[in-house]
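>>> The following block contains a protein sequence and its predicted model.
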Amino acid sequence: MRGYAGIASTFLITFILWILAKQLNPAMSVAHGATQISALLGIIALSLSFVLATRGKFLEKMFGGLDVVYKIHHILGGSALILLINHALLLIVDSMPANTLALYLVPSTTWSYTYGIISLYIMLLLVVLTIYIHLPYRYWKWSHEWMGLVIIFGGLHAMLISSDTTSFVPLRIWVLFWVLVATVAFIYKRFIYYFVDKTTYKIVRIGREKELVVISLESDKPIKFEPGQYGFFALPSKRRDDHAFSILACHENKLIVGIKMVGHFTEKLATLKNGHELIVKGPYGTFGEKMKNAEHAVWIAGGIGITPFLSMAKAVRNDQKVEMYFCARTLPPSVITEPFANLSKRNPNFVWLPCETSKGGRLTGQKIYDDTGCDRNAFYMLCGPSAMMESIAEQLAGIGIKRSHIIYEDFAFK
């Protein structure tokens, strides 16, 4: 895909520019060279991760889905952390025994070093909050948004420190370009994104059945959602605390979403009344697009992962065949399953196959493959808990289904 090629090219250009810089200023030792390239690749990885966090629609097209974009964002962020920590450690190793640890670990009046130290400590603090402390989503998100300080202080360090970025102009321009791009991305996501390209919807009906909440919304300027897409929803008073929910139905100026109560935000939604407003951003998602060229598709849903399939089920064409498995320990409220059962009665091309795992055990890739005609050309589409999707996807791949025919969308955006 274009997105992967773009990332690879960016790292390759960085490496080539560093090699050219070394022709003018050879590294004094292997550790010295390693610490330089670690810093350069680390700051580029971090910059790219900021770009991927902007939720740009163009990114979905480049990578094939926003869920994929976020996975690459996490990989780049983790890689940046490792590279930048290695940069600091290699600096210490390379300078021993001439310098003390304080030069690289304690802020001082030497600003070129201090900016780098501050950047590293902010990154370590935010990573600890992310990995080792289980913060509620809204607090985690708030802390994560300030990762932009890392790129700002890191960029100042890269521009001021005596190194290849100061002595070799092409490399300096390249690094400065990506630092500025990342800074703009940080400012956009932190201060602008939540206030543009949004639509205000008003609740006209809200119902709850057990742990499921179904909300009907209307707007004078509705968003056009295609089957299988989703949006980000937030309360007007807390625009940054937004969450992704699949669209059950979208027609004219009305939007219907089904939400499972699993946290503070969803519990808050359940208390809203008719007339309350929600901020909606979208559309996002490429899940439903995969159905356009499918003659035969097998859908596997788990838990609340059933929601994107409802709008897709209504769009099944006469020249398509779809079998849909729905896995749950016990079948959930009828409000979410009845539409599929009723559609199966009306449309012979759509087969509804609910599975209660408490009675029949877990569904396997082999059983799905055997029961749906052993069709290697079918598209197998999954949505549900990550562990379920990954397990069934691996089983189907083991049978011989092409990876390009195994499609799933992961809503784990944290």
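Perfect, thanks for sending it. Residues are numbered from 1 along each chain as shown.
>>> residue boundaries of the strands in the stretch 51-200 of the chain?
199-209 (DSSP state E, counting those that start in this stretch).
>>> so where do the helices sit in it?
Under the criterion DSSP state H, counting those that start in this stretch, the stretch 51-200 of the chain carries helices at the ranges 57-63, 66-95, 102-105, 111-131, 137-145, 148-160, 164-167, 169-187.
>>> Check which helices and strands the first one sits against.
Packed against helix 57-63 by the contact rule (3 or more CB pairs under 8 Å, 6 or more residues apart in numbering; DSSP states H and E) you find helix 2-24, helix 66-95. Backbone N, C-alpha and C define where each C-beta goes, glycine included.
>>> one more time with 10 Å, if that's ok
helix 2-24, helix 30-52, helix 66-95, strand 277-284 (3 or more CB pairs under 10 Å, 6 or more residues apart in numbering; DSSP states H and E).
>>> Ok, which of the ones you listed comes nearest M388?
helix 66-95 (15.1 Å; CB to CB).
>>> That closest one: which residues count as buried?
Neighbour-count burial for helix 66-95, counted by 16 or more other CB atoms under 10 Å, picks out 66-74, 76-77, 79-81, 83-88, 90-92, 94-95.
>>> again, but for stretch 179-199
Residues of stretch 179-199 classed as buried by neighbour count (16+ other CB under 10 Å): V179, A182, T183, A185, F186, Y188, K189, Y193, Y194, K198, T199.
>>> now swap in stretch 128-136 and tell me
Using 16+ other CB under 10 Å as the test for burial, stretch 128-136 gives L129, T130.
>>> ditto for stretch 386-405
Judged by neighbour count (16+ other CB under 10 Å), stretch 386-405 contains these buried residues: M388, M389, S391, I392, A393, Q395, L396, I401, H405.
>>> Show residues contacting that stretch.
Identification of contacts with stretch 386-405 by CB atoms under 10 Å, 6 or more residues apart in numbering yields 290, 294, 297-298, 300-303, 305, 325, 327, 357, 362-370, 374-385, 406-412.
>>> Show the buried residues in these.
The neighbour count (16+ other CB under 10 Å) marks 290, 294, 297-298, 300-303, 305, 325, 327, 363, 365, 368-369, 375, 378-385, 406-411 as buried among the contacts of stretch 386-405.
>>> So which of those residues belong to helices?
Residues of the buried ones among the contacts of stretch 386-405 located in helices (DSSP state H): G365, I368, Y369.
>>> Those into TSV, with extra columns for pLDDT?
Shown next, in TSV, are those (pLDDT from 0 to 100):
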residue	pLDDT
G365	92
I368	93
Y369	92
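>>> if we take the residues you listed, which one ends up nearest to E277?
I368 (41.8 Å).
>>> does the residue nearest to L255 when sequence neighbours are not counted count as helix, strand or coil?
The spatially closest residue to L255, leaving aside those adjacent along the chain, is L217, at 4.5 Å (CB to CB, 6 or more residues apart in numbering). With DSSP: H, G, I helix; E, B strand; the rest coil as the basis, L217 sits in strand.
>>> What pLDDT does the model give L217?
Note for L217: predicted pLDDT of 97.
>>> can you put the helices of the stretch 51-200 of the chain in TSV and add mean pLDDT?
Shown next, in TSV, are these (pLDDT from 0 to 100):
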stretch	mean pLDDT
helix 57-63	91
helix 66-95	87
helix 102-105	65
helix 111-131	83
helix 137-145	75
helix 148-160	88
helix 164-167	83
helix 169-187	95
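>>> mind checking which of those helices is nearest K224?
Distance to K224, taken as CB to CB, is lowest for helix 57-63 among those, at 13.2 Å.
>>> what's the spacing between that closest one and its chain's center?
How far helix 57-63 lies from its chain's middle: 12 Å, per CA atoms, centre = their mean, to the nearest Å.
>>> Likewise for stretch 315-326?
28 Å.
>>> distance between the ends of it?
Stretch 315-326 has an end-to-end distance of 18 Å (CA to CA, to the nearest Å).
>>> Same question for stretch 154-172.
Separation of the first and last residues of stretch 154-172 by CA to CA is 14 Å.
>>> in that stretch, what's buried?
Those buried within stretch 154-172 under the rule 16+ other CB under 10 Å are 154-161, 163-165, 168, 171-172.
>>> Please apply the same query to stretch 114-128.
T114, Y115, G116, I117, I118, S119, L120, I122, M123, L126, V127.
>>> my read: the second one touches I151, true?
When you say that, I think you mean Y115. No. Using CB atoms under 10 Å, Y115 makes no contact with I151, being 11.3 Å away.
>>> Tell me which of the buried ones among the contacts of stretch 386-405 fall in strands.
Assigned to strands by DSSP state E, the following of the buried ones among the contacts of stretch 386-405 qualify: 297-298, 300-302, 325, 327, 379-383, 406-408.
>>> and which of those residues is nearest to V257?
Of all these, V257 sits closest to C383, with 14.8 Å by CB to CB.
>>> Check the nearest residue to that closest one once chain neighbours are set aside and give its pLDDT.
Excluding the flanking residues, the one nearest C383 by CB to CB, 6+ apart is G305, at 3.8 Å. Here the pLDDT value assigned to G305 is 88.
>>> Many thanks, I have nothing further to ask.
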